[in-house]
Every structure is written in structure tokens, then in C-alpha cells.
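Q: What follows is a predicted structure for the sequence shown.
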Amino acid sequence: MELFGIPIVQVYLYTLIIAGIAAILYVFISDLAEGIGEVSPFLDPAVILSFITFAAAAGYIMELSTKWNSGYILVSALIIAFILALLLYFFVLLPLKSAEVSLAYSDDSLIGQVGKVIIPVPVDGFGEIVIESVNGVISKRAAGYENVPIDYGKEVLIIEVKSGTFIVKEYEPFRFK
């Protein structure tokens, strides 16, 4: 079968190449086109490009490997592309959109974490602790819980935060004997 004087196999191949290049370009400019997918999830450029790419790939493979009529191949390629695009949307794109990626933290989110004293905490005074987290190493002002002094290098548990000062207590991890 021919379309516009070009064999249908070449049409599938050209469509596959163009859609593949467009998908790669979309990865780089997706932030510019982000609002388009808010109208309808099926108008999302990633879904549309994946549908076209899947349809072209399935049509090209079936044209080369089967003796079916080109009409049957087109219909089955569209069905395959629809199913694969739905799977891509519901199992990849939708979870990625709802995933929250943030390196931000609040002082309250550090309560319950274990830190290390880098400046000793005196009675009725302030020292400094460091907390290692996914955000990196965070250093904070600290005071002893119930005004207990804590020496340099000790591990501490963050009990609460008052006016930006971390109230800490010496940490002794539970160990089985």
C-alpha cells in the first residue's frame, strides 16, 4: 500500500523517526509546555508523542513481519499504541507528577533526628550540633534538655525546637546484649 506515493512502511518509519526526535526535544523543553497537560491528561504532549511513537513502531514492525492487510495493521497498531500510552500515563507519568521532590526542610522536621555536638553545650548556655541528612550537613544552635551539659563529639537526640534553638539530650542507642 502507498500513501501519497510513498510506501506505507516508509511512512511508518519516517513517522517513528520524527516522533522520536520530537520526544527527545520535548524532554528538553517540557517546562515550557507544562501547562498544556493541565487541560486534559490526554492532551499532555508526553502522552501524545508516546502514542504516535508506539503506533508508528507497531505499524512498522507489523508491516515488515506480517502479511496482513495494511488497514488491519493500522487499526491494530492504533490499538496497541492506545494501550501502551495508557499504561505509560497511569504507571509512569501520573506517579511522577504526584511525586514531591524537595530539598527543603523545616526545623520541626528535624525533631527526633540524631546529631553530633561540635561545640560543647554548657549548663544554661548554647553549643552547636550538626545533623547529617539527605539535604547535606546542617549545623544548628543547641541547648541541653533540663540544662544538662553535653561534651564535644557526643551524639544527641533533638527533643524540640524553641525560637530556633534545638533542645537536645544525649543519645544512647538501644543495643541488644
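A: Nice, thanks for sending it over.

Q: Run a quick neighbour tally on residue 60.
A: Residue 60 is flanked by 21 other residues according to other CB atoms under 10 Å. Placement of C-beta: from N, CA and C, glycine included.

Q: Point me to the helix or strand that includes it.
A: Per DSSP states H and E, residue 60 falls inside helix 45-65.

Q: Then residue 157?
A: strand 155-162.

Q: Give me the packing partners of that strand, helices and strands only.
A: strand 114-119, strand 127-133, strand 165-170 (3 or more CB pairs under 8 Å, 6 or more residues apart in numbering; DSSP states H and E).

Q: re earlier: what are the buried residues along the helix holding residue 60?
A: By 16 or more other CB atoms under 10 Å, the buried positions in helix 45-65 come out as 45-60, 62-63.

Q: Put together JSON lines for the helices and strands packed on strand 155-162, with mean neighbour count, distance to residue 106 and mean pLDDT on each row.
A: Output for these, formatted as JSON lines (neighbours: other CB atoms under 10 Å; distance: least, CB to CB, whole Å; pLDDT from 0 to 100):
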{"stretch": "strand 114-119", "mean neighbour count": "17", "distance to residue 106": "16", "mean pLDDT": "94"}
{"stretch": "strand 127-133", "mean neighbour count": "17", "distance to residue 106": "12", "mean pLDDT": "91"}
{"stretch": "strand 165-170", "mean neighbour count": "19", "distance to residue 106": "12", "mean pLDDT": "93"}
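
Q: now those as a markdown table including distance to residue 93?
A: Putting those into a markdown table (distance: least, CB to CB, whole Å) gives the following:
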| stretch | distance to residue 93 |
| --- | --- |
| strand 114-119 | 37 |
| strand 127-133 | 29 |
| strand 165-170 | 40 |
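
Q: hmm, back to that, restrict the helix holding residue 60 to CA atoms and write it as PDB.
A: What follows is helix 45-65, C-alpha atoms only, in PDB (Å, rounded to 0.1, in the frame of the first residue of the first chain):
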ATOM      1  CA  PRO A  45       2.400  16.300  24.900                       C
ATOM      2  CA  ALA A  46       4.200  13.300  26.500                       C
ATOM      3  CA  VAL A  47       1.100  11.100  26.100                       C
ATOM      4  CA  ILE A  48       0.500  12.300  22.500                       C
ATOM      5  CA  LEU A  49       4.100  11.800  21.500                       C
ATOM      6  CA  SER A  50       4.300   8.400  23.100                       C
ATOM      7  CA  PHE A  51       1.100   7.400  21.300                       C
ATOM      8  CA  ILE A  52       2.400   8.400  17.900                       C
ATOM      9  CA  THR A  53       5.700   6.700  18.500                       C
ATOM     10  CA  PHE A  54       4.100   3.500  19.700                       C
ATOM     11  CA  ALA A  55       1.700   3.500  16.700                       C
ATOM     12  CA  ALA A  56       4.500   4.100  14.200                       C
ATOM     13  CA  ALA A  57       6.700   1.500  15.800                       C
ATOM     14  CA  ALA A  58       4.000  -1.200  15.900                       C
ATOM     15  CA  GLY A  59       2.900  -0.400  12.400                       C
ATOM     16  CA  TYR A  60       6.400  -0.600  11.000                       C
ATOM     17  CA  ILE A  61       7.200  -3.900  12.800                       C
ATOM     18  CA  MET A  62       3.900  -5.400  11.700                       C
ATOM     19  CA  GLU A  63       4.300  -4.300   8.100                       C
ATOM     20  CA  LEU A  64       7.700  -6.000   8.000                       C
ATOM     21  CA  SER A  65       6.800  -9.100   9.900                       C
END
